[in-house]
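In: This is a predicted model, with the sequence first.
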Amino acid sequence: DAKTTQPPSMDCAEGRAANLPCNHSTISGNEYVYWYRQIHSQGPQYIIHGLKNNETNEMASLIITEDRKSSTLILPHATLRDTAVYYCIVRVAGANFGNEKLTFGTGTRLTIIP
Amino acid sequence: SQTIHQWPATLVQPVGSPLSLECTVEGTSNPNLYWYRQAAGRGLQLLFYSVGIGQISSEVPQNLSASRPQDRQFILSSKKLLLSDSGFYLCAWRAVSGNTIYFGEGSWLTVV
């Protein structure tokens, strides 16, 4: 799987949009971009994923550049409960192998400021 | 909708004692199941995965074992815990036809 690069930390004011960038310049054509977040002492929570097109769900939006070398996760109206470490990973699409060696990097520690 | 639960959430066990962490998935059939360990400040380490009842694959030789006695039940065990077994253990699942992995709440194990 391709490697990703994220800023180590970010702050965002409560109620504002939080924009978390991720670089994945070596992404392959069959690799999805996935975002998870992890609140301290809890399991990682799936947020959203995409291949080429921008995606939106009830939690966030994912914007993927046309060349797919970077993406941005957008939390439209950040709340204090969004304070967490956010992980961007890339994974092969359509894989049906059992040994999912899912790899999280260091992620971005997002702090929502009241 | 599908849900995953694992327990206990926290556990403090003496060295040499046995371990049993349990995980169940609801709302899906024949999921792929996983046990990961996450060390502080480090990434995920895949310990075991299972593609069906009784089918267990181990990724890392260690003091732990896993079993899948039922389709949606995955158990992580040890006969004798070591200090180095301390850590945050995560159960996860993926639909056979899906690509997204979903994690449980995690279990903190401290071996003393």
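Out: Received it, and whenever you're ready, just let me know what you need.
In: in which helix or strand would I find the residue nearest the centre of chain A?
Out: Nearest residue to the geometric centre of chain A (CA atoms, centre = their mean): A:Trp35, 2.9 Å. Element membership for A:Trp35, per DSSP states H and E: strand A:31-38.
In: what packs against that strand?
Out: The helices and strands touching strand A:31-38, judged by 3 or more CB pairs under 8 Å, 6 or more residues apart in numbering or on different chains; DSSP states H and E, are strand A:18-23, strand A:45-50, strand A:61-64, strand A:84-92. No exception for glycine: its C-beta is placed from N, CA and C like everyone else's.
In: residue contacts, whichever residue of chain A sits closest to chain B?
Out: Residue nearest to chain B within chain A: A:Gly43 (3.9 Å; CB to the nearest CB). By CB atoms under 8 Å, 6 or more residues apart in numbering or on different chains, the residues touching A:Gly43 are B:Leu90, B:Ala92, B:Phe103, B:Gly104, B:Glu105, B:Gly106.
In: any idea how far chain A is from B:Tyr34?
Out: Note on B:Tyr34: its distance to chain A, by CB to the nearest CB, to the nearest Å, is 6 Å.
In: Could you list which residues are in contact with the nearest residue to that residue once chain neighbours are set aside?
Out: Nearest non-adjacent residue to B:Tyr34, counting by CB to CB, 6 or more residues apart in numbering or on different chains: B:Ala92, 4.3 Å away. Each residue near B:Ala92 by CB under 8 Å, 6+ apart is listed here: A:Gly43, A:Glu100, A:Leu102, B:Ile4, B:Leu33, B:Tyr34, B:Trp35, B:Tyr36, B:Ile101, B:Tyr102, B:Phe103, B:Gly104.
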